[in-house]
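Engineer: Attaching a predicted model along with its sequence, questions to come.
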Amino acid sequence: MQNHNSVPGAEIALEGAVNFRELGGYPAGDGRRVRYGLLYRGGNLDALQSPADRAVLESWHLRDILDLRSAGECVKHPDPAVPGAVYHRVCAMRMADGTEMDFSSSGIERLAAEKAAFEKAAGHPVHDYDWFSVLYRQMPFENPAYHTLFALLEQHRGPLLFHCTCGKDRTGIAAMLILLALGVDRKTAVRDYMLTNTYRHEIIEASLRGKSPEERRLQLSVEGVDEAMGAGAIDEILRRFGSYEAYFAAEFGLDAGRLAALRGFYLE
């Protein structure tokens with residue numbers, strides 16, 4: 001179990017994976033903080049193969065696991081069963097037609113076609129960075145995965161683990177939305193998002209070795225996260241709704257009473 005006196009956002013030590021952590025300890029605007037031991041985030045669970053890793057996973061006493069990956073990704077790396085936990089899978093990134101965005105090897109051709117259609121509509125070639133920046137700004141809206149997430153949160157069933165493949169993009173946006181709903185400020189939510197670059201530093205540097213500064217900027221988000229891209233998704237909320245409270249009410253039905261109830265359970 002994570003130490004309740006640990007620094008908020010501290011990585012949970014595992015043998016087979018990096019970038020697993022929880023949301024406990026982050027301060028909310030009303031003087032309370034996010035309760036420890038309720039909200040976990042991470043990547044592929046099939047990476048947790050060792051007895052030690054399984055023991056850590058089972059020590060969280062999870063009641064729900066929300067897998068934000070596509071069906072194709074799950075076929076390649078299926079989540080193992082976790083005693084006592086109900087498994088849910090809802091893909092958190094979608095094509096323009098609403099179908100799942102599949103980041104497995106079998107989905108690459110479909111992704112290329114989707115990007116080509118985006119470039120045709122734009123009327124010029126578009127770098128992957130710019131395309132994904134647009135996709136990120138769309139993620140907080142009408143997203144079935146995040147609607148499932150907030151429905152689970154309102155059931156007060158925790159502990160809950162939500163995860164994708166690397167625990168950085170789909171998971172990172174989900175974590176920021178949860179923190180903002182609980183009254184954590186934007187700066188702290190974005191800082192949690194950016195911790196991926198600390199915990200995946202070696203992986204990121206190996207992928208960017210020998211790249212120019214501009215190439216590093218454009219390709220960072222392949223193995224890490226880009227602040228402008230992630231923060232852009234949050235800023236889009238304010239652009240459309242003017243406040244986080246208005247967004248949560250419109251998007252998830254979290255009016256003042258329901259938002260207060262959510263904070264009452266997840267804050268201490």
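Structural biologist: Here it is on my side, so go on.

Engineer: Flag every buried residue along stretch 145-161.
Structural biologist: Using 16 or more other C-beta atoms under 10 Å as the test for burial, stretch 145-161 gives 145-146, 148-150, 152-154, 158-161. Quick note: C-beta positions are derived from backbone N, CA and C, even for glycine.

Engineer: Let me have the residues you listed in JSON lines, adding secondary structure and pLDDT as columns.
Structural biologist: Formatted as JSON lines, the entries for the buried residues of stretch 145-161 read as follows, by DSSP: H, G, I helix; E, B strand; the rest coil; pLDDT from 0 to 100:
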{"residue": "145", "secondary structure": "helix", "pLDDT": "98"}
{"residue": "146", "secondary structure": "helix", "pLDDT": "98"}
{"residue": "148", "secondary structure": "helix", "pLDDT": "98"}
{"residue": "149", "secondary structure": "helix", "pLDDT": "98"}
{"residue": "150", "secondary structure": "helix", "pLDDT": "98"}
{"residue": "152", "secondary structure": "helix", "pLDDT": "98"}
{"residue": "153", "secondary structure": "helix", "pLDDT": "98"}
{"residue": "154", "secondary structure": "helix", "pLDDT": "97"}
{"residue": "158", "secondary structure": "coil", "pLDDT": "87"}
{"residue": "159", "secondary structure": "coil", "pLDDT": "98"}
{"residue": "160", "secondary structure": "strand", "pLDDT": "98"}
{"residue": "161", "secondary structure": "strand", "pLDDT": "98"}
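
Engineer: What segments of this structure are strands?
Structural biologist: 21-22, 39-42, 64-67, 86-89, 160-163 (DSSP state E).

Engineer: Next, format those as JSON lines and append distance to residue 9.
Structural biologist: Shown next, in JSON lines, are these (distance: least, C-beta to C-beta, whole Å):
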{"stretch": "strand 21-22", "distance to residue 9": "6"}
{"stretch": "strand 39-42", "distance to residue 9": "10"}
{"stretch": "strand 64-67", "distance to residue 9": "20"}
{"stretch": "strand 86-89", "distance to residue 9": "25"}
{"stretch": "strand 160-163", "distance to residue 9": "15"}
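
Engineer: Centroid-nearest residue for this structure?
Structural biologist: For the chain, the residue sitting closest to the mean C-alpha position, by C-alpha atoms, centre = their mean, is residue 171 at 1.3 Å.

Engineer: What separation do you get for it and residue 178?
Structural biologist: If you measure residue 171 against residue 178 using C-beta to C-beta, to the nearest Å, the figure is 11 Å.

Engineer: Residue 264 too?
Structural biologist: Applying C-beta to C-beta, one obtains 15 Å for the distance of residue 264 from residue 178.

Engineer: Compare those two and say which is more crowded by neighbours.
Structural biologist: More neighbours sit around residue 178 than around the other of residue 264 and residue 178, counting by other C-beta atoms under 10 Å; the figures are 25 against 11.

Engineer: Tell me who's in contact with that one.
Structural biologist: For residue 178, the set of contacting residues under the criterion of C-beta atoms under 8 Å, 6 or more residues apart in numbering consists of 23, 39, 149, 153.

Engineer: What is the worst-scoring helix or strand of the chain on mean pLDDT packed up against?
Structural biologist: Among the secondary structure pieces of the chain, namely its helices and strands, helix 108-122 has the lowest mean (mean pLDDT, DSSP states H and E), a mean of 81. Helices and strands in packing contact with helix 108-122 are listed as helix 128-138; criterion 3 or more C-beta pairs under 8 Å, 6 or more residues apart in numbering; DSSP states H and E.

Engineer: now for the helix it packs on, which elements pack on it?
Structural biologist: Short answer (3+ C-beta pairs under 8 Å, 6+ apart): helix 128-138 packs on helix 108-122, helix 213-223, helix 227-241.

Engineer: deepest of those helices, which one?
Structural biologist: When those are scored by mean count of other C-beta atoms under 10 Å, the highest mean neighbour count falls to helix 227-241 (a mean of 17).

Engineer: can you tell me the average pLDDT over that helix?
Structural biologist: Rounded to a whole number, the mean pLDDT of helix 227-241 is 96.

Engineer: Against which helices or strands is that helix packed?
Structural biologist: When contacts are defined as 3+ C-beta pairs under 8 Å, 6+ apart, helix 227-241 sits against helix 128-138, helix 170-181, helix 186-194, helix 244-252.
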